Each structure stands twice: as structure tokens, then as C-alpha cells.
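[1] Kindly return the folded structure for what I paste below:
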Amino acid sequence: MGTLHAASLVEPIRNICSRVDAEFIQAKVVDVDPEAKKLTIQSANDPNDKTEVPYDVLLFAVGARSVTWGVPGVEEATIIVIKY
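    Got it, this is the predicted structure:
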């Protein structure tokens, strides 16, 4: 059986952004003002650092997590590609 390296399955977001003239910001969104097309974001490093960011198009994306369902030994006997 063949295997794939995790890098074969993903495209770095910064590469995509550079091709479409977009900016990637990793932060927690604390408020959305759709009328003004602005977000209020909180820095990942400093929860007191909040900034308003205007947007043209807003894309919401969700992450994923491997679920072991509490089965004993699953984490030790499997390869979880990304561990949070």
C-alpha cells in the first residue's frame, strides 16, 4: 500500500491568497457588521488586541478534528495527520 505525505493533500493558504490578491489573517472574529462590511477581530497572541478589518468578500471556513470516540488505544495505533 502507498501512503501520502500530508503536504500532498494541502495547498498553503498564503499561496492561494497571493494568486487572487487576498490577505490571510488568522484571528478570532468577535463581531461582524455586514452593513459596514467590517469585522472586529481579536489577536491570537493578545486577547486585548482588537482590530476592525474591512472586507469585500467574507469567507467563513471551518476546521476539522480527528475523533477517536474514546476508543482505548486508537491514538497510539493510528496516524493522525494533524493533531490540535
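
[2] From now on I want contacts and neighbour counts done on CA atoms only, so please keep to that.
    Noted.

[3] Would you state the strands of this structure in chain order?
    Along the chain, counting by DSSP state E, strands occupy 28-33, 38-42, 50-54.

[4] would TSV of those with distance to D21 be doable?
    Putting the strands of the chain into TSV (distance: least, C-alpha to C-alpha, whole Å) gives the following:
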stretch	distance to D21
strand 28-33	21
strand 38-42	18
strand 50-54	15
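
[5] Please identify the most buried of those strands.
    Comparing those on average neighbours per residue, with mean count of other C-alpha atoms under 10 Å, the densest one is strand 38-42 at a mean of 18.

[6] Mind listing the strands that strand pairs with, and their directions?
    Looking at strand 38-42 with DSSP bridges, its partner strands are strand 28-33 (antiparallel), strand 50-54 (antiparallel).

[7] for the ones you listed, which one sits closest to P72?
    P72 lies closest to strand 28-33 among those, at 33.3 Å (C-alpha to C-alpha).

[8] Just the residues contacting that closest one, thanks.
    Applying C-alpha atoms under 8 Å, 6 or more residues apart in numbering, the contact partners of strand 28-33 are K38, L39, T40, I41, Q42, S43, A44.

[9] which residues touch the top helix by length along the chain?
    Counting residues, the longest helix in the chain under DSSP state H turns out to be helix 13-19. Identification of contacts with helix 13-19 by C-alpha under 8 Å, 6+ apart yields E23, F24.

[10] Go through it and flag the buried ones.
    When burial is assessed from 16 or more other C-alpha atoms under 10 Å, helix 13-19 yields no buried residues.

[11] and it, average pLDDT?
    Helix 13-19 carries an average pLDDT of 80.

[12] With only the CA atoms kept, save it in CSV.
    C-alpha atoms of helix 13-19 as CSV (Å, rounded to 0.1, in the frame of the first residue of the first chain):
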residue,chain,number,x,y,z
ILE,A,13,-3.4,29.4,2.1
ARG,A,14,-0.8,32.1,1.5
ASN,A,15,-0.1,30.7,-2.0
ILE,A,16,-3.7,30.8,-2.8
CYS,A,17,-4.1,34.4,-1.4
SER,A,18,-1.1,35.7,-3.5
ARG,A,19,-2.7,34.4,-6.7
